[in-house]
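Chemist: Model the structure of this input:
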Amino acid sequence: MRNRTRVTAPAAALLGTAALLVAAPTASARPLALQPDQGTPGAETLGDSVYPALGNDGYRVQAYHLDFSYDATTRLVDAQAILMIRATQDLSRFSLDALGLDVRAVRVGGVAAAFEQAGEKLRVTPARTLPESCAVAVCVEYGVDPAKALAHTAWVPTPDGFAVCPQPNSAHTVFPCNDHPVDKADFSFRITVPNTLRGVANGRLIGTESLDGGRTAYTYRSGSPIATELVQITVGDYTVKERQGPNGLGLRDVVPTARAAALEPALALTPGLLDWLEQRLGAYPFETYGLLPCNSDDANAFDFTGLETQTLTLYKPNFLLQEEKKIGSHMMHELVHSWFGNSVSPANWADLWLNEGHADFYGLLYRYERGWADSLGLTTMEARMKDTYARGDQWRQDSGPVAAPNEANLFDSQRYLGGVLVLYALREVVGEDVFNAIEHTFLARHRNSSATTADYIAVASEISGQDRSGFLNDWLYGTKTPRMPNHPDWTVTPVVSSLVAPRHREPGHYPDSTATL
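Modeler: Coordinates of the predicted model:
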């Protein structure tokens, strides 16, 4: 039997319907009785080192219910977001991240609240101060145009609807939220669409309702908390294909109806990928998994190969139409994110190497076990790591240390292959059995939560029985590449200082960052 339920009771037994979310605060919460001048505003940041303006303090979100209605004629979305929040201080005002949303009304505990939109924040002033530990529903009614031009956006308009790709900092262009992975929450979704289309979201389909006017409402619920950057909401002419995964796991793929047959060879690879990875990382942590080749191959739709939105990985269809050796290791990369990145999310965006380093580590292991040469023509992990090691000092000069990115270089190769090199070095020094125990302990300890680089170092030290902080800090934060254990012959290529300023790369995903392509 596989365990696909949460270890702790979900805050959102509240999540089933919007009606439940607007119920009165729990019996243990203090009443909404404080005067407006008795509290203080929550901070409009969670102090992230890469995105300091992202997220908000003074509360934590326990659950979201998102109710979307899509008009295929206007191509606009009418939406309602209900958030169950719990105050962490006496809160006179709080903010949500929000950009490009046409907010019409806000209610707190069922009572109209004052609000203003300023930059990428939606500031909400409830009629009464929220006492510390108070749990209350916040309802935001708004409209949104998925095609609206913004400084950054999660929306991916398609010929028949849309998909979303929120990572890293754009979920709040889709719904108002505390847009940081440290504040994970339960989610449910209701998506109303014309009968010719289908609405899809993370988690499991729990209800379908036929409505007047030739419309259908689809309701989904996630069995585990989701970071806002991992939310997926999709509308289009899709077919849902279900199949059996290993150990009783039900799989569902959401594919463009017109291309379902052509995509089947790629979709059929998932059970084997899951079986291989479960043997190394343990049981898949969620209730279902599948692929979403969204109905667009537009080069401008998104600038990355795949995105690990929770339980449903986003791709462009044309990528998945290639032969297995062209796509298999990258499909493994995205699947690994179910463990590293989704189940255990980064507590700070500087911890991204934990996501991408692990995804490339296992993706490359899979590639080489299958006998597929990589993009450099190399066929073993040792050969690839020797090549990466030689580049170490240059990468540290150009992109900083592995665990010290900035917004502009967050998704470059240092977080991917540089992260792999750190994991390879750790495995070399502790041995494969201890390394595997470190991986399992870290995943179990921080499941359904977020974790820092320091958390990983602590587990590595505990399980190996020796303080590994100095070793790992040198690899993760040093300006020079340390000696590689067991490979005294490996050398680092001297740094080349260019007289020409490096070409500026806009923040975002770099298509060539991962070695699993």
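Chemist: Correct me if wrong: Phe435 contacts Leu426.
Modeler: Yes: with contact defined as C-beta atoms under 8 Å, Phe435 and Leu426 form a contacting pair (6.2 Å). Just so you know, the C-beta spots here come from the backbone N, C-alpha and C atoms, and that holds for glycine as well.
Chemist: Comparing the two, which shows the higher neighbour count?
Modeler: Using other C-beta atoms under 10 Å, the more surrounded residue of Phe435 and Leu426 is Leu426, with 23 against 19.
Chemist: From Gln62, how far out is Glu44?
Modeler: Distance, Glu44 to Gln62, using C-beta to C-beta, to the nearest Å: 20 Å.
Chemist: which stretch of helix or strand covers Tyr70?
Modeler: Element membership for Tyr70, per DSSP states H and E: strand 59-71.
Chemist: list the buried ones in that strand?
Modeler: The neighbour-count check on strand 59-71 (16 or more other C-beta atoms under 10 Å) flags 59-70 as buried.
Chemist: now swap in stretch 377-397 and tell me
Modeler: By neighbour count on 16+ other C-beta under 10 Å, the buried set for stretch 377-397 is 378, 381, 384-386, 388-389, 391-396.
Chemist: Equivalent analysis for stretch 397-406, please.
Modeler: In stretch 397-406, the ones that count as buried by 16+ other C-beta under 10 Å are 398-405.
Chemist: got JSON lines for these, with pLDDT, distance to Tyr51 and secondary structure too?
Modeler: Formatted as JSON lines, those follow (pLDDT from 0 to 100; distance: C-beta to C-beta, whole Å; DSSP: H, G, I helix; E, B strand; the rest coil):
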{"residue": "Asp398", "pLDDT": "96", "distance to Tyr51": "21", "secondary structure": "helix"}
{"residue": "Ser399", "pLDDT": "96", "distance to Tyr51": "17", "secondary structure": "helix"}
{"residue": "Gly400", "pLDDT": "97", "distance to Tyr51": "16", "secondary structure": "coil"}
{"residue": "Pro401", "pLDDT": "98", "distance to Tyr51": "18", "secondary structure": "coil"}
{"residue": "Val402", "pLDDT": "98", "distance to Tyr51": "18", "secondary structure": "coil"}
{"residue": "Ala403", "pLDDT": "98", "distance to Tyr51": "16", "secondary structure": "coil"}
{"residue": "Ala404", "pLDDT": "98", "distance to Tyr51": "14", "secondary structure": "coil"}
{"residue": "Pro405", "pLDDT": "98", "distance to Tyr51": "11", "secondary structure": "coil"}
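Chemist: Just give me the closest of those residues to Ile226.
Modeler: Comparing those against Ile226 with C-beta to C-beta places Pro405 closest, at 23.3 Å.
Chemist: The residue nearest to the spatial centre of the chain and Tyr362, how far apart?
Modeler: Residue closest to the mean C-alpha point of the chain, counted by C-alpha atoms, centre = their mean, is Leu230 at 3.4 Å. With distances taken as C-beta to C-beta, Leu230 is found 19 Å from Tyr362.
Chemist: returning to what we had before: and which of the buried residues of stretch 397-406 is nearest to Arg123?
Modeler: Among those, and counting by C-beta to C-beta, the member closest to Arg123 is Pro405, at 29.6 Å.
Chemist: Tell me which residues touch the closest one, please.
Modeler: Listed by C-beta atoms under 8 Å, 6 or more residues apart in numbering, the contact partners of Pro405 are 50, 349-350, 352, 399, 412, 414-415.
Chemist: State the distance from it to Phe361.
Modeler: Using C-beta to C-beta, Pro405 is found at 18 Å from Phe361.
Chemist: Which neighbouring elements make contact with the strand holding Tyr70?
Modeler: Judged by 3 or more C-beta pairs under 8 Å, 6 or more residues apart in numbering; DSSP states H and E, strand 59-71 is in contact with helix 18-21, strand 76-87, strand 186-194, strand 198-201, strand 233-236.
Chemist: and the second one, which strands flank it?
Modeler: Using DSSP bridges, the strands paired with strand 76-87 in its sheet are strand 59-71 (antiparallel), strand 135-144 (antiparallel).
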